[in-house]
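Chemist: predicted model and sequence follow; I will ask about them next.
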Amino acid sequence: MSSCCGAEAKNAKERRLLWIVLILNFSMFVVEFIAGWLANSSGLLADSLDMLADAAVYSLSLYAVGKSLLHKGRAALANGYLQLSLGLLVLLDVARRIWLGSEPQSDLMFSIGFMALIINMICFGILYQFRQGDVNLKASWICSRNDMLANIGILISAFLVGRLNTAWPDWAIGSVIAIIVIHSSIAIIREAKESLKESESQKIAESNDSIA
């Protein structure tokens, strides 16, 4: 009975914290996406889509809390493929801007990038305790860690855009963020598939035990 209550309390805590980071990330996605278009910045647009992907990760992680290993594996697999798709879309957008040209506004890039960094630092602190958790909670922590690195990159690129009067730093950070998202998505997909294999092995073992 006590173990059951402990598990329920743990699941409730996980849900509460995931709701907090979900709301923070989705709110920042809206702000950063609008700012990205206004600033004509590939970096901000890339990071906003990364925020949206993270919000989806947290949503699916919420779904997986307290669920079986099979459900957790499927949720993580969906997370991974979503991030992979968004990363590829961002790379296409960067290529389009390089082809057509763009003039990013460094001041707006810096202010929004700094705001996003603060939000992601808060999310990182909230999710730090889950860094060794199950596949979905670990994926959520990986997302927040990568986002902080991306935000620092945006701040550096904003400084270089203003200093050098060229859009190349913005295009570069947009590409880097997309590659980070793609790399992380592949790791999440790989781990999710391992989780699904483990779930299948458990199912076979339970079936054999019932027959025996």
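Modeler: Nice, thanks for sending it over. Numbers count the residues shown, from 1 in each chain.

Chemist: contact partners for Ala78?
Modeler: Going by C-beta atoms under 8 Å, 6 or more residues apart in numbering, Ala78 touches Leu60. Every C-beta, even on glycine, is put in place using the N, C-alpha and C of the backbone.

Chemist: what about Gly162, how many neighbours?
Modeler: Applying other C-beta atoms under 10 Å, we find 16 other residues in the vicinity of Gly162.

Chemist: that one reaches Pro104, doesn't it?
Modeler: No: Gly162 lies out of contact with Pro104 (C-beta atoms under 8 Å); the separation is 9.3 Å.

Chemist: spatially nearest residue to Leu84 (excluding sequence neighbours)?
Modeler: Spatial nearest neighbour of Leu84, excluding adjacent residues (C-beta to C-beta, 6 or more residues apart in numbering): Ser185 at 4.0 Å.

Chemist: hmm, I typed the wrong one, I wanted Ser41.
Modeler: Pro104 (4.2 Å).

Chemist: and what of Asp147?
Modeler: Per C-beta to C-beta, 6+ apart, closest to Asp147 is Asn120, 4.2 Å.

Chemist: quick one, what contacts the one you found?
Modeler: 144, 147-148, 151.

Chemist: quick one: average pLDDT of stretch 93-105?
Modeler: Averaged across stretch 93-105, pLDDT comes to 88.

Chemist: list the buried residues for it?
Modeler: The neighbour-count check on stretch 93-105 (16 or more other C-beta atoms under 10 Å) flags 93-94, 97, 104-105 as buried.

Chemist: what's the answer for stretch 24-39, then?
Modeler: Quick answer for stretch 24-39 (16+ other C-beta under 10 Å): 24-26, 28-29, 31-33, 35-36, 39.

Chemist: which parts of this protein are helices?
Modeler: 2-39, 42-64, 69-100, 106-127, 135-164, 168-211 (DSSP state H).

Chemist: please identify the deepest-packed of these.
Modeler: Stretch with highest mean neighbour count among these: helix 42-64 (a mean of 26; mean count of other C-beta atoms under 10 Å).

Chemist: what's that helix packed up against?
Modeler: For helix 42-64, the contact count by 3 or more C-beta pairs under 8 Å, 6 or more residues apart in numbering; DSSP states H and E identifies helix 2-39, helix 69-100, helix 106-127, helix 135-164, helix 168-211 as packing neighbours.

Chemist: low-confidence stretches in this structure?
Modeler: 1-11, 64-69, 131-137, 139, 201-212 (pLDDT under 70).

Chemist: follow-up on the earlier one: Leu62: which of the helices and strands packed on helix 42-64 is closest?
Modeler: Evaluated over the helices and strands packed on helix 42-64, closeness to Leu62 peaks at helix 2-39, with 4.9 Å, by C-beta to C-beta.

Chemist: and the angle from the closest one to helix 42-64?
Modeler: Interaxial angle, helix 2-39 versus helix 42-64 (axes from the mean of the first three to the mean of the last three C-alpha atoms, to 10 degrees): 160 degrees.

Chemist: which ones are touching the residue nearest to Leu84?
Modeler: 79-84, 87.

Chemist: in TSV, list those residues along with distance to Trp171.
Modeler: As requested, the contacts of Ser185 are exported to TSV (distance: C-beta to C-beta, whole Å):
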residue	distance to Trp171
Asn79	27
Gly80	26
Tyr81	26
Leu82	24
Gln83	21
Leu84	21
Gly87	15
